[in-house]
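Engineer: Structure for the following, please:
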Amino acid sequence: MAQEHTPVLIVGAGGAGLSLSLLLHQQGIASVLVERRPDVSWVPRARNLNFRTLEVFRGLGLEEEVHAAGARVTHSYLKETLASPEQKEIPGLNIDALTPPNQQELSPEQFLIYCPQSRLEPVLLAANKQRGCDVRYGTRMVSFTQDDAGVTATLEEIATGRSYEVRAEYLVGSDGAHTRPDRFNLSATDVRHPHIRELLGIGSQGYGAIPEYFIFIYFRAPWQQFIAGHEEDAFMIKNPDVEGFFMSGKGDFGAFLINYRPDRGESYEQFTPERCQMLVEKAIGQPGMPVEILDVTHWQPAEDIAEQFQKGRVLLVGDAAHTMPGYKGLGLNTAVQSAQNLAWKLAAVVSGQSGPELLATYQTERHPVGSFAAHQSLTGPGAAILVKGVNILRPEDDLPLFYPMVGYRYRSQAVITEDASSEEQEIALLDRQELTGQPGSRVPHLWLERDGQRISMLDLFDGRFVLLAGPAGALWQKAAIEVAASPGIKLAAYHVGPDGDLLDVENAWQTRMGVPSEGAVLVRPDGFVAWSTDTLPTSPESLLAQVLATILCRSTSETNA
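Structural biologist: Sure thing, here's the model as predicted:
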């Protein structure tokens, strides 16, 4: 059997897999990305992107493309039928109630934009193709084995049946959490297949499946006249015949979400295409309107976290690692952010820049965050409307969206801080809804001027480590340039100050970054502060080299060399 070789094999081309491929490419690491579907997703799920995810795409140079594909954040309305003239906005889902008052200080990006996977995946795929990444649709992984040196996977082209092997240093499973194909899924290509997480025998933790059951009905109908001007919004329909949510797609394509009750004798199998057509017609409120049913799928929300995100040379990302209800829109966002955390570490190990121990920090850092985001997703305004009689979280445990988005600190060997020894598998939350440069937190957003152009601090991150020196810390920049000359070190250095290459237009360096004028901040490729110092030592070069060696899990002998 023919065998190919690649540094990284990624299985699953959803938002996480496509993003991981791009992030590895940014780091100079090739990968092969395979997806069993014949093409990108066509369903308008995972509807909103939050500012932290938009920052990831901004760092990949995709901010214009993603914003062009997206739109204003959605609103939700209550109506008797879609054709009814009266509508009432549902205040609990209003974006103004969710946005932090200091959002402009947190990020250069909007708090949320509407960009479902049916719009996002084409953007990410086009970027992969433009950059020469190897993405293969209509291809499934049949099996894999791993040893101390790598992973050997057997792949199959579904249309032709041709099988071949790929040998990779690492395998990443981004193939989702569900194994059952949908009954009427026109894009389904074969029968049930086990996912990588199942094949690894990794257990789960969390609440599990929520006792609420939903049906997604995907259809085509000439319904544009009823949603004109509200194409991205959701409509809750409530009348004696049907109750559910309309979520529009593109053109005449749409989706209708309804709840069913097994405790009342209802079942998924009862929702035949004929019955679904009738329900959509009654919800639209135009008898006789031609409605074509494209697909009927089942959804049961769940909090399901993998006990391990890594087993040997196989790692999990996205829903394969952490599945959560969509009530707060954190699923895809958490997946992309996990992919960013994993990408630079995987690249550093593959390139020899770091020791393999660095990959253990992926579990240490992202498992608490994924668990926290999933648990927070058990509540929220969406849950208040959709979930009836299921009390999972107390109201006081429902924290603002700031916290699962960016209000946490990493504690691992890849962060140097006073409490670095505390690496418990639990979330470390910030004291306030602001970012102040604490090691382990996302670097603060600060408006700067470079060569006469206004940029955000976050625009400095292009896949490398970044050292930011304060107004009196020019020697830090010189030291970083010397350290960056060492083989395998990807480090950029900037001097913020009147005499530096970055002008602090807000005069906010010290208050936002939490260090004095002579201090410095080392930021990781994922935009999180790795280390900071208030003082300038006699030999900044030696200290900086030692700090990088610690963060990259290099041995003492390698550091001395």
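Engineer: What's opposite residue 144 in the beta bridge?
Structural biologist: With DSSP bridges as the criterion, residue 144 is bridged to residue 153.
Engineer: My understanding was that it contacts residue 154; is that so?
Structural biologist: Yes: shown here, residue 144 and residue 154 form a contact pair, counting by C-beta atoms under 8 Å, at 7.1 Å. In short, each C-beta sits where N, CA and C put it, glycine included.
Engineer: more crowded one of these two?
Structural biologist: Neighbour count, other C-beta atoms under 10 Å: between residue 144 and residue 154, residue 144 has more, with 22 against 16.
Engineer: how close does the more buried one get to residue 150?
Structural biologist: 10 Å (C-beta to C-beta, to the nearest Å).
Engineer: Pick out the residue nearest the middle of this protein.
Structural biologist: residue 336 (2.1 Å; C-alpha atoms, centre = their mean).
Engineer: Isn't that one up against residue 15?
Structural biologist: Yes: using C-beta under 8 Å, residue 336 is in contact with residue 15, at 5.7 Å.
Engineer: tally of neighbours for residue 137?
Structural biologist: Residues near residue 137, counting by other C-beta under 10 Å, number 16.
Engineer: buried set for the longest strand anywhere in the chain?
Structural biologist: In the chain, with assignment by DSSP state E, the single longest strand is strand 163-173. By 16 or more other C-beta atoms under 10 Å, the buried positions in strand 163-173 come out as 165, 166, 168, 169, 170, 171, 172, 173.
Engineer: Give me the sheet partners of that strand and which way each runs.
Structural biologist: Strand partners for strand 163-173, identified by DSSP bridges, are recorded as strand 3-11 (parallel), strand 151-157 (antiparallel), strand 314-316 (parallel).
Engineer: ok, then the element right after the longest one?
Structural biologist: Think strand 3-11. Counting by DSSP states H and E, the next helix or strand C-terminal to strand 3-11 is helix 15-26.
Engineer: what's the distance between the nearest residue to residue 245 once chain neighbours are set aside and residue 325?
Structural biologist: Leaving aside its chain neighbours, residue 245 sits nearest to residue 257 (4.4 Å; criterion: C-beta to C-beta, 6 or more residues apart in numbering). According to C-beta to C-beta, residue 257 and residue 325 sit 13 Å apart.
Engineer: Between the two, point out the one with more neighbours.
Structural biologist: residue 325 (27 against 17).
Engineer: isn't that one right up against residue 376?
Structural biologist: No: contact criterion C-beta under 8 Å: residue 325 and residue 376 do not qualify, at 9.8 Å.
Engineer: Quickly note the distance from residue 236 to residue 81.
Structural biologist: Separation of residue 236 from residue 81 (C-beta to C-beta) stands at 11 Å.
Engineer: I'd say residue 341 and residue 365 touch.
Structural biologist: Yes: Residue 341 lies in contact with residue 365 (C-beta under 8 Å); the separation is 6.1 Å.
Engineer: out of these two, which sits in the busier spot?
Structural biologist: Applying other C-beta under 10 Å to residue 341 and residue 365 shows that residue 365 carries more neighbours, namely 27 against 23.
Engineer: Can you point out the helix or strand that includes that one?
Structural biologist: Here residue 365, judged by DSSP H and E, is contained in helix 360-376.
Engineer: Contacts for that helix next, please.
Structural biologist: Applying C-beta atoms under 8 Å, 6 or more residues apart in numbering, the contact partners of helix 360-376 are 205-207, 303-305, 308-310, 315, 321-324, 328, 330, 334, 337-338, 341-342, 345, 393, 398-399, 403-404, 408, 410-414, 423, 425-428, 553.
Engineer: what's the average pLDDT for that helix?
Structural biologist: Mean pLDDT, computed over helix 360-376, is 95.
Engineer: for it, the distance to its chain's centre please.
Structural biologist: For helix 360-376, the separation from the chain centroid amounts to 12 Å (computed by C-alpha atoms, centre = their mean, to the nearest Å).
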